[in-house]
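In: need a structure here:
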Amino acid sequence: MTKEKIVLAYSGGLDTSVIIPWLKEHYQADVLACTVDLGQPEDFEAIHEKALMSGATVAETWDMKKEFIEHYAYEVLKAGAKYEGKYLLGTSFARPLIGKCLVEMAKKYGATAICHGATGKGNDQVRFELAIKALAPHLKIIAPWRHWELKSREDEMAYAKAHGVPIDTFDEKKTEEEKKAQKYPYSMDWNMWHLSHEGDDLENPKNPPHKDMYLVTCDPEEAVNESEILTISFEKGIPTALNGKKMDGVSMVNALNAIGAKHGIGVHDIVENRLVGMKSRGVYENPAGSILFYAHEELERLCLDRATMHYKEMVAVKYSELVYDGMWFAPLRKALAAFVDATSDTVTGDVTLRLYKGNIISHGAESPYSLYNEEYVTFGEDHVYNQSDAEGFINLFGLPLKLEALMKEKNHE
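Out: Sure, this is the predicted structure:
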């Protein structure tokens, strides 16, 4: 009899390593470990070996960096989508792509189920499962954290030892003193777009982030003392060159992360509303994303007319909610993306910025599609604008206000 095959979203951490023998024990299945490379600084060879040593039948690493940036991050960038005005959605749009990889691996090997290690409290369980439902509705989904008997890290450690799962040195830290001594005691999600920190002292919103917690950028006070000027070129809303040098998405993000980090760019401290109903606090490091969002917004100010720009701002709010909620493959997200593509047709040009001590400062922008016309806006003498036209415009624009005032006067209000 052929064993059932289950694809596991595998990170190499304690949770997903313990899940491998747990699946084999409870489902008598072959476990296929899928690790997705989104640019996080991991030793993928070591993760591959750990998956096999933990009991996986197959372990694969999928390099998705290019698709991640150019078909996910840049789509969110074009939309100007920041969840609740601050969060650049680095985890939110990573999960649907990981879900897509899990589905493709399941189809490749004929698996009947997909398993993830997300907890029952967070947003990621929703994001993974909505992607799977959208792309492979007949696949079974297994979420151990909702069902298994392991209730703590100590339980996982004991289970790992009993089942021969390799345990990293960090995993063996148990005492409160050891935890406090650990430099980075936070739950982190890291990819090339961002790094998130949650948990430990950050669970109290009163506590500020520690200066030594940053792994991508730096505290602005510790940034270099000299400012730096850079120019980003866009074509139809997509970043294409940095300081005149053509770059693909991966190269662009890597370069801007390095530049922004020197200047303490990209720290976002957020209390956000989770989809599952609670508020959570996270600190995000996002140098490249912060720079690109700022530059893109500056260019849109030149190239979009007032009505389109204001409507797009409303679209961005809904777009960000859809992405945050895991609805990447939903019809509405795709429809809004089509609107964004149409508005991006003229978002082409160069934006120059100055970076200094955590600040991104406008330093000029130009576009062949700029709607800014100096002849019309000059404070000097012009020959294109008849100021007497304003009287009739104001009379008509203000007519509803005048009529309401007359009504109130008539009714002695």
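In: Give me the secondary structure label for the closest residue to Phe44 other than its chain neighbours.
Out: Setting aside the residues directly before and after it, Phe44 is nearest to Thr61 in space (CB to CB, 6 or more residues apart in numbering), at 4.7 Å. Bear in mind the C-beta positions are built from the backbone N, C-alpha and C, glycine included. With DSSP: H, G, I helix; E, B strand; the rest coil as the basis, Thr61 sits in strand.
In: Thr61 touches Gln40, doesn't it?
Out: No - contact criterion CB atoms under 8 Å: Thr61 and Gln40 do not qualify, at 11.3 Å.
In: Could you double-check that Lys357 sits in contact with Pro220?
Out: Yes - contact criterion CB under 8 Å: Lys357 and Pro220 qualify, at 4.7 Å.
In: Identify the contacts common to these two.
Out: Both Lys357 and Pro220 are contacted by His263, Gly264, under the criterion CB atoms under 8 Å, 6 or more residues apart in numbering.
In: what ranges do the strands span in the chain?
Out: 4-9, 29-37, 58-63, 113-115, 140-142, 187-190, 195-198, 228-235, 238-242, 245-246, 267-273, 279-285, 349-356, 359-366 (DSSP state E).
In: Tabulate those strands in JSON lines, adding columns for mean pLDDT, mean neighbour count and distance to Leu299.
Out: As requested, the strands of the chain are exported to JSON lines (pLDDT from 0 to 100; neighbours: other CB atoms under 10 Å; distance: least, CB to CB, whole Å):
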{"stretch": "strand 4-9", "mean pLDDT": "98", "mean neighbour count": "24", "distance to Leu299": "37"}
{"stretch": "strand 29-37", "mean pLDDT": "98", "mean neighbour count": "23", "distance to Leu299": "31"}
{"stretch": "strand 58-63", "mean pLDDT": "98", "mean neighbour count": "17", "distance to Leu299": "31"}
{"stretch": "strand 113-115", "mean pLDDT": "98", "mean neighbour count": "24", "distance to Leu299": "40"}
{"stretch": "strand 140-142", "mean pLDDT": "98", "mean neighbour count": "16", "distance to Leu299": "41"}
{"stretch": "strand 187-190", "mean pLDDT": "92", "mean neighbour count": "17", "distance to Leu299": "29"}
{"stretch": "strand 195-198", "mean pLDDT": "96", "mean neighbour count": "22", "distance to Leu299": "27"}
{"stretch": "strand 228-235", "mean pLDDT": "98", "mean neighbour count": "18", "distance to Leu299": "6"}
{"stretch": "strand 238-242", "mean pLDDT": "98", "mean neighbour count": "18", "distance to Leu299": "10"}
{"stretch": "strand 245-246", "mean pLDDT": "98", "mean neighbour count": "10", "distance to Leu299": "18"}
{"stretch": "strand 267-273", "mean pLDDT": "97", "mean neighbour count": "16", "distance to Leu299": "21"}
{"stretch": "strand 279-285", "mean pLDDT": "96", "mean neighbour count": "19", "distance to Leu299": "24"}
{"stretch": "strand 349-356", "mean pLDDT": "98", "mean neighbour count": "20", "distance to Leu299": "5"}
{"stretch": "strand 359-366", "mean pLDDT": "98", "mean neighbour count": "15", "distance to Leu299": "6"}
